[in-house]
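Trainee: Give me a model of this one.
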Amino acid sequence: MTPSEIEQLFTGSSGDYRFARWAHPIAPVVFGVEDATLAVVKGAFEAVVSLAGHRMAERDPELGANCMVFFLRDWSELATVPELDRLLPGIAALAGRLAEEGAERYRVFRFDDAGAIRAAFVFLRMGGDLAEMPAEDLALSEVVQAILCWSEAAFAEVSPLAIAGGRTILRPEIAEVIRAAYDPVLPDAARDPSHALRLAARMAR
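Mentor: Now for the predicted structure:
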């Protein structure tokens, strides 16, 4: 990928560049699935975190779980999740807006004082296209999109996944961006577009 293409992955609709990665080990928890699907999602986390060269943990010392994935039948279920309104104030209004929009997924990050990802919340309404996706593909796609704070347009037109040899894989260029993004020399957060040049330099090695 060119530096310009990498820059666009982290440039929002406002035109501002915003890069952020996890500084703390990721402690995921998954709600609303059976054990078989739970194992698939946990496996996706392990694979992507390993690719990044980052770390996972059973428990976050401050939050317990810092990456929460919710599988829902309807957005109204958000109002019944204990303590969720404390973590995400205004969740009832958000659920109503998502229902009106017919949204299938929603993702929100929380950041620490240095701008690194501190927590992530992923909500998936299992209807329409999502219900038709194989669990492995859906899990991999969502974990990839939670490992970094990508722009809202990063995968709007092109999925981070591809088909190779009859199976679904992570697109090689996206895998390289993730590897480069977690280079220990780089900062956990960046707002200057020149950061994309540093990512490109590490991908070229």
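Trainee: Domains in this protein, by residue range?
Mentor: Per automatic domain parsing, the structural domains of the chain span 1-21+151-205, 22-147.
Trainee: can you pull out the helices in this structure?
Mentor: Taking DSSP state H to define them, one finds helices in the chain at 3-9, 35-52, 84-87, 91-101, 129-132, 135-147, 172-181, 195-203.
Trainee: Identify the residue nearest the residue positioned nearest the centre of the chain in space, chain neighbours excluded?
Mentor: Nearest residue to the geometric centre of the chain (C-alpha atoms, centre = their mean): A146, 1.3 Å. Excluding its sequence neighbours, the residue lying closest to A146 (C-beta to C-beta, 6 or more residues apart in numbering) is A120, at 4.8 Å. (Glycine included, C-beta is placed from N, CA and C.)
Trainee: For the one you found, which residues are in contact?
Mentor: By C-beta atoms under 8 Å, 6 or more residues apart in numbering, A120 lies in contact with 66-68, 107-110, 146.
Trainee: re the thing from before, JSON lines please, covering the domains of the chain and showing mean pLDDT.
Mentor: Output for the domains of the chain, formatted as JSON lines (pLDDT from 0 to 100):
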{"stretch": "domain 1-21+151-205", "mean pLDDT": "93"}
{"stretch": "domain 22-147", "mean pLDDT": "92"}
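Trainee: returning to what we had before: nearest to A20, out of the helices of the chain?
Mentor: helix 172-181 (9.5 Å; C-beta to C-beta).
Trainee: nearest to R21, of the helices of the chain?
Mentor: helix 172-181 (5.5 Å).
Trainee: Run the chain-centre distance for the closest one.
Mentor: A distance of 14 Å separates the centroid of the chain from that of helix 172-181, by C-alpha atoms, centre = their mean, to the nearest Å.
Trainee: Give the buried residues for that helix.
Mentor: Residues 174-181 are the ones in helix 172-181 that count as buried (16 or more other C-beta atoms under 10 Å).
Trainee: How about stretch 80-100?
Mentor: Within stretch 80-100, the residues that count as buried by 16+ other C-beta under 10 Å are 81, 84, 88, 91, 94-95, 98.
Trainee: so the residue nearest to the centre of the chain makes contact with A119?
Mentor: No: the criterion here is C-beta atoms under 8 Å, and A146 misses it with A119 at 10.3 Å.
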